[in-house]
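# Give me the fold of what follows.
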Amino acid sequence: MWSSLALSIALSAVAVPPGAPVVNHAQPAHYAQPTLRTFERRAVDDLRRMQWEAYTQELDGLWKQYRADGSTSTAWQIYKQAAADAKARYIFNDPYLAPVVPGMTGSAGFGAANGCCW
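Have a look, this model is predicted:
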């Protein structure tokens, strides 16, 4: 009985009511309230991954068509034009102008969304 009373007092001493701010134990001039982070870019990242995979599959198909056409200079010009069109479509539809590829580390690329000024 005494142990449960001691446990109840200990828990109520450190408990914070819902919605109440916690005591700020941070160093001076710093705010230390707990922060809940939600990752809201998941849908955008999934969309970019699907667009990247579709783009690479389109390039693979164009390359196979080029090889099937006999790798002639005319087929090369057709391939280059079709690949440039595919790249333009991919870049115009990509919100951050950088592909999301497996194993990519660091920033997602340059652009206005990543703090680059150009």
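# biggest helix in the chain by residues?
helix 42-68 (DSSP state H).
# Can you get me a residue count around residue 66?
Per other CB atoms under 10 Å, the neighbour tally for residue 66 reads 19. C-beta here means a position set from N, CA and C on the backbone, and glycine is covered the same way.
# correct me, but it touches residue 79?
Yes: using CB atoms under 8 Å, residue 66 is in contact with residue 79, at 4.1 Å.
# Give me the buried stretch members for the very next helix or strand once past the longest helix of the chain, please.
Note on helix 42-68: by DSSP states H and E, the next helix or strand toward the C-terminus is helix 73-93. Counting neighbours by 16 or more other CB atoms under 10 Å, one finds that the buried residues in helix 73-93 are 79, 82, 86, 90.
# Just put these in CSV and tack on pLDDT.
As requested, the buried residues of helix 73-93 are exported to CSV (pLDDT from 0 to 100):
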residue, pLDDT
79, 96
82, 96
86, 93
90, 88
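# Among those, which one lies nearest to residue 28?
Residue 28 lies nearest to residue 90 out of these, by CB to CB, at 50.1 Å.
# Let me know the pLDDT of residue 93.
If you check residue 93, the pLDDT there is 76.
# Now it. Nearest residue, chain neighbours left out?
The shortest distance from residue 93 to any non-neighbouring residue, by CB to CB, 6 or more residues apart in numbering, is to residue 51 (5.8 Å).
# isn't that neighbour right up against residue 89?
No: using CB under 8 Å, residue 51 makes no contact with residue 89, being 9.2 Å away.
# the bottom helix or strand of the protein by mean pLDDT?
Across the helices and strands of the chain, mean pLDDT, DSSP states H and E gives its lowest value to helix 2-14, namely a mean of 80.
# low-confidence ranges in the chain?
Scanning the chain for pLDDT under 70 picks out 14, 24-25, 27, 29-39, 95-118.
# same thing but at 80, please
For the chain, residues meeting the criterion pLDDT under 80 lie at 1, 10-41, 44, 93-118.
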